[in-house]
Each structure stands twice: as structure tokens, then as C-alpha cells.
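[1] below is the sequence, then the predicted model.
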Amino acid sequence: MKQTHFIRRVIQFLLGINILALGGAFSIVAGQGTTPVNVLPYVLSQIFSTNIRFWMMLVMGIYLLIQGLLLKKFSWINIAQLIAGLLFGTFVDLYLLLIGSQAPFGTFGVLLYVVLSILCVALGITLYVDANVLQMPTEGVLHALATRYPKRWPFYRGKIMADSVSVLLSVILSILFLREIRGVGIGTLVSAFMIGPIVKVFQELIARLRRKIS
């Protein structure tokens with residue numbers, strides 16, 4: 001029974017990472033700014049003309065450090081979170097190949113991809129965090145923050161704060177080093193403020209579904 005439960009959690013985790021990556025791919029193809037989780041590595045890759053995956057791993061390493069400082073401990077599971085990050089990056093590349101480089105149907109298609117991106121990212125985060133198998137360092141920090149300050153910084157509120165800081169820092173770095181804003185657009189800004197509340201809605205829906213089943 002325990003083994004079956006664990007397998008279900010792993011399946012849910014992989015499904016969540018896939019949906020999250022699909023959302024990231026939709027945001028890139030829409031061309032209205034990348035999702036907040038991708039925007040800082042993207043801008044850094046533009047500044048230094050290097051692979052985005054390198055900066056993704058570096059930023060996640062910083063998140064791991066912050067997480068350890070908040071919880072005042074490090075363990076193997078913190079390092080294992082990088083596996084989730086690698087899976088995410090791999091799936092994003094795969095979905096970019098599958099959905100193509102341009103949104104269909106002109107402006108309507110772009111808007112549709114932005115909406116799909118926000119919904120997929122929120123649902124993906126909800127599913128893979130709820131599975132409690134592995135977290136990406138980005139969500140690991142939010143969980144650490146919620147654990148340390150449960151009333152002040154619940155997960156959804158921490159998500160809004162973290163996304164907003166990431167977007168603001170990306171804009172500042174982009175202007176300073178590139179003399180223009182790259183990677184940040186209306187889709188990024190909408191995502192930064194909408195994903196957190198939508199995650200909260202999905203969390204409540206999952207909780208209700210579990211109560212009905214049990």
C-alpha cells in the first residue's frame with residue numbers, strides 16, 4: 001500500500017513538472033516576457049552570452065543557500081532539488097520543439113498562450129509541490145519561508161513576493177547591462193501577480209477533492 005502511494009506521488013510529481021515546463025514553453029513562444037521563474041536566468045544569459053541552463057543552475061544554487069539559511073540546516077534532499085531543476089529545463093526544451101516557435105492565430109494566439117502559460121505554471125507548481133517528492137529550489141525557498149513564518153508568508157503570498165523580486169531584479173540588470181529591457185513583458189508582470197493566487201485556488205481544489213475521496 002505504501003509503495004503504491006509512493007508511485008502515485010512520483011507520477012503526480014512528474015506530471016506537475018511536465019505541466020510547469022509546458023507553461024514555461026508557452027510563455028517563451030508567446031514572446032510577451034518569460035515566466036518569473038525563468039526571467040532572471042534568461043537575462044543573465046543575455047548579458048554574458050552564455051547558455052541559459054548554466055544560469056538556471058546557478059540561480060537555483062543561490063535559492064538552495066537561502067533555503068538552508070532559513071531552515072538553518074542543509075541535507076541531501078536540498079542538493080537533490082537540482083534534479084527537479086534539470087528535469088524542468090529538459091522538458092521546457094522538449095515542449096519548445098513540440099509547440100513550435102510561433103503562436104498561431106496572430107494576436108489571439110499570443111493572448112491564448114499567455115493565459116495557458118499562467119494556468120499551466122500554477123497547476124504544475126501545485127501538483128509537484130503537493131506530491132512532496134522533490135521540489136525545485138525556487139519552491140523550496142517558498143516552503144522554507146512558509147515553515148519559518150507560516151502566518152506572514154504562506155506559500156501563495158511568498159510566491160507573489162519572490163516572483164516580483166525576480167522580475168524587478170531582472171529589469172534592473174537588463175537596463176544596466178543591455179541598455180534595454182529583455183525577457184520581461186506584460187506576460188511576465190501578469191504572471192508575477194497572478195500565479196500565486198491561482199496556486200492558492202488549485203491548492204484548495206485539491207484539498208476539497210481529497211476530502212470527498214476519503
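    Yes, it's here. Quick caveat: nothing in here was measured; it's all calculated off a predicted structure.
[2] and the residue most central in space within the chain, what does it touch?
    For the chain, Val37 is the residue whose C-alpha lies nearest the centre (C-alpha atoms, centre = their mean; 4.6 Å). Neighbouring residues of Val37 by C-beta atoms under 8 Å, 6 or more residues apart in numbering: Gly24, Val121, Met136, Thr138, Asp163, Ser166. C-beta here means a position set from N, CA and C on the backbone, and glycine is covered the same way.
[3] in terms of contact, does the first one touch Leu116 like I think?
    Read that as Gly24. No: in this structure, Gly24 is not within contact of Leu116 by C-beta atoms under 8 Å, at 11.1 Å.
[4] of those two, who's got more company?
    The residue with more neighbours, out of Gly24 and Leu116, is Gly24; 25 against 19, by other C-beta atoms under 10 Å.
[5] where does the protein dip in pLDDT?
    1, 214 (pLDDT under 70).
[6] Arg211: how many residues sit nearby?
    8.
[7] which of the helices or strands spans it?
    helix 186-213 (DSSP states H and E).
[8] so which elements touch that helix?
    Contact partners of helix 186-213 among helices and strands, from 3 or more C-beta pairs under 8 Å, 6 or more residues apart in numbering; DSSP states H and E: helix 2-30, helix 36-48, helix 106-131, helix 155-178.
[9] identify whichever of the ones you listed lies nearest to Leu71.
    helix 155-178 (13.9 Å; C-beta to C-beta).
[10] which residues sit against that closest one?
    With C-beta under 8 Å, 6+ apart, helix 155-178 has contacts from 36-37, 39-40, 42-44, 46-47, 125, 129, 138, 141-143, 145-146, 153, 180-184, 188-189, 191-193, 195-197, 199-200, 203.
[11] quick check on those residues: which are buried?
    Buried by 16 or more other C-beta atoms under 10 Å: 36-37, 39-40, 42-44, 46, 125, 129, 138, 141-143, 145-146, 153, 182-184, 188-189, 191-192, 195-196, 199-200, 203, out of the contacts of helix 155-178.
[12] so what's Val201 up against?
    Ala122.
[13] swap in Val129?
    Gly16, Gln135, Glu139, His143, Phe155.
[14] out of the contacts of Val37, flag the one nearest to Thr4.
    Met136 (25.6 Å).
[15] distance check, the closest one against Ile28.
    17 Å (C-beta to C-beta, to the nearest Å).
[16] wait, Gly185 touches Gly31, no?
    Yes: counting by C-beta under 8 Å, Gly185 does reach Gly31; the two are 7.5 Å apart.
[17] who has more neighbours, the two?
    Shown here are Gly185 and Gly31; by other C-beta under 10 Å, Gly185 has more neighbours (18 against 15).
[18] next, the distance between the ends of stretch 69-78.
    End-to-end distance of stretch 69-78 (C-alpha to C-alpha, to the nearest Å): 12 Å.
[19] can you give me the buried ones in that stretch?
    Those would be Leu70, Leu71, Asn78, for stretch 69-78 by 16+ other C-beta under 10 Å.
[20] now do the same contact list for the first one.
    Going by C-beta under 8 Å, 6+ apart, Leu70 touches Val141, Ala144, Leu145, Thr147, Arg148.
[21] by how many degrees do the helix or strand containing it and helix 36-48 diverge?
    Taking DSSP H and E as the criterion, Leu70 maps to helix 52-71. Using axes from the mean of the first three to the mean of the last three C-alpha atoms, to 10 degrees, the inter-axis angle of helix 52-71 relative to helix 36-48 is 130 degrees.
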